[in-house]
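> Any chance you can model this:
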Amino acid sequence: MLELFPNYLNSNFLIVISAAIIDRLIGDPVNWLHPVQVIGWIVSQFTNLVLIKDPVNTRIPRFSPLIMKMLGIVLGVSVILGSGIISWLIAIAASQVHPALAIAFSSILLAACFAGRSLRDAAFSILTVLQTGNIENARQELSRYVGRDTDNLSEVEILRAVLETVTENAIDAVTSPLFYALLGSLLFPYGGVTLAIAYKAASTLDSMVGYRESPYTDLGWFSAKTDDILTWLPCRLTVITLAILSGKPIYVWNLCQRDAHKDPSPNSGWSECVYAAILQVQLGGENYYRGIVKQKPLLGDRIDEIAPSKIQQAILLTQASFLIWLSLTLSIAIFVQRFTPIY
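Coordinates of the predicted model:
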């Protein structure tokens with residue numbers, strides 16, 4: 001099959017397929033250095049320079065709002081572009097030693113961008129503990145993966161937290177990295193790993209500094225906006241894919257149009273709402289963060305209760321979307337190659 005493609009497409013698609021297999025079979029080994037850890041370390045060092053601690057040990061901006069915004073642009077551009085360019089240069093350097101080395105390196109690095117296995121394992125680890133009936137241990141296990149307070153959550157609230165985590169991260173951690181991996185693979189040699197790593201850098205920046213609250217209001221605005229923009233298209237494509245998979249695309253799309261905009265994020269509301277519509281459950285409600293209550297908008301209609309089977313179904317839907325995108329892109333590339341005249 002791959003002999004149909006130009007040389008760089010052969011390698012690029014082999015890398016994407018290999019990365020998908022690695023993520024499916026292995027995921028992210030605990031003791032391996034993850035690229036997000038490296039990116040996170042760089043962002044932390046930068047924030048330590050531009051944020052200072054006041055007498056009560058609260059972090060405050062070192063400079064004026066305008067300068068902090070400019071520093072936010074510098075941080076965002078340098079980390080996103082730098083991550084992608086460094087990954088590409090390493091792949092190119094490896095290819096000079098041997099093409100197989102570049103493919104192996106790029107496959108492993110790209111697999112780290114796909115968090116499908118990690119997301120599934122995290123959800124199942126919580127469900128496994130919950131099934132033992134030890135709700136305290138289930139709360140502790142959940143606290144490893146979510147930012148909300150878990151100390152007083154009931155079983156129903158734990159299940160909602162797991163499903164919200166699975167559905168929100170399906171876009172950020174699975175389909176969006178795949179979208180950029182496939183796009184980059186079509187554009188230039190080792191483009192898949194380059195664009196996917198750049199996207200993961202944007203996502204990491206958003207999760208670390210992309211907050212409206214102080215002290216990140218000015219420093220993180222650029223990172224937050226960039227992540228919103230980069231995620232917008234793959235998010236909508238995921239919603240369309242899932243709506244078609246559901247067998248009731250018009251119903252799902254209309255419900256998303258009704259509820260998704262209630263979430264202040266231009267993407268998270270759509271991500272959670274499409275799963276809520278398909279699973280016929282309701283997401284959102286009251287959450288606590290460091291003891292402070294935050295009311296999240298209600299998404300979907302509460303036709304069924306959230307249950308472990310619903311979470312498993314959500315994971316399967318994400319996996320199906322991943323495989324469909326991968327297969328469809330390969331099919332289109334084969335079709336174009338076969339019917340493109342050679343002069």
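
> Can you name the secondary structure element that comes next after whichever strand or helix holds residue 194?
Secondary structure from DSSP states H and E places residue 194 in helix 191-209. Next in sequence after helix 191-209, counting helices and strands by DSSP H and E, comes helix 221-246.

> Now do that next one: which elements does it pack against?
helix 65-97, helix 176-187, helix 191-209, helix 249-259, helix 268-279, helix 308-339 (3 or more Cβ pairs under 8 Å, 6 or more residues apart in numbering; DSSP states H and E). Glycine gets a C-beta too; all of them are placed from N, C-alpha and C.

> Check for me that residue 145 belongs to a strand.
No - under the criterion used here (DSSP: H, G, I helix; E, B strand; the rest coil), residue 145 is coil, not part of a strand.

> and it, how many neighbours does it have?
Neighbourhood size, residue 145 [other Cβ atoms under 10 Å]: 18.

> Stretch 163-178: end-to-end distance?
Counting by Cα to Cα, to the nearest Å, you get 21 Å between the two ends of stretch 163-178.

> ditto for stretch 136-149
13 Å.

> Give me the buried stretch members for that stretch, please.
138, 139, 141, 142, 143, 145, 146, 148, 149 (16 or more other Cβ atoms under 10 Å).

> Likewise for stretch 293-312?
296, 297, 299, 300, 306, 308, 310, 311.

> so how far does that stretch reach from one end to the other?
Note: stretch 293-312 ends 29 Å apart using Cα to Cα.

> Distance from the chain centre to it, please.
Relative to its chain's centre, stretch 293-312 lies at 20 Å (Cα atoms, centre = their mean, to the nearest Å).

> now it: mean pLDDT?
Taken as a whole, stretch 293-312 carries a mean pLDDT of 94.

> Please list the residues outside it that contact it.
Applying Cβ atoms under 8 Å, 6 or more residues apart in numbering, the contact partners of stretch 293-312 are 123, 127, 130-131, 156, 159-160, 162-163, 166, 255, 259-260, 262-263, 269, 272-273, 276-277, 279-288.

> same question, stretch 134-151
Contacts for stretch 134-151 (Cβ under 8 Å, 6+ apart): 122, 125-126, 129-130, 153-155, 158, 161-162, 165, 287-291.

> Mind checking which of the residues you listed land in strands?
287, 288, 289 (DSSP state E).

> and the gap between the second one and residue 110?
Residue 288 sits 37 Å away from residue 110, taking Cβ to Cβ, to the nearest Å as the criterion.

> Check the last one too.
Relative to residue 110, residue 289 is positioned 33 Å away (Cβ to Cβ).

> circling back to that earlier point, can you lay out the ones in strands among the contacts of stretch 134-151 as JSON lines showing pLDDT and distance to residue 322?
Converted to JSON lines, those look like this (pLDDT from 0 to 100; distance: Cβ to Cβ, whole Å):
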{"residue": "287", "pLDDT": "91", "distance to residue 322": "28"}
{"residue": "288", "pLDDT": "88", "distance to residue 322": "33"}
{"residue": "289", "pLDDT": "86", "distance to residue 322": "30"}
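
> Thanks a lot, see you next time.
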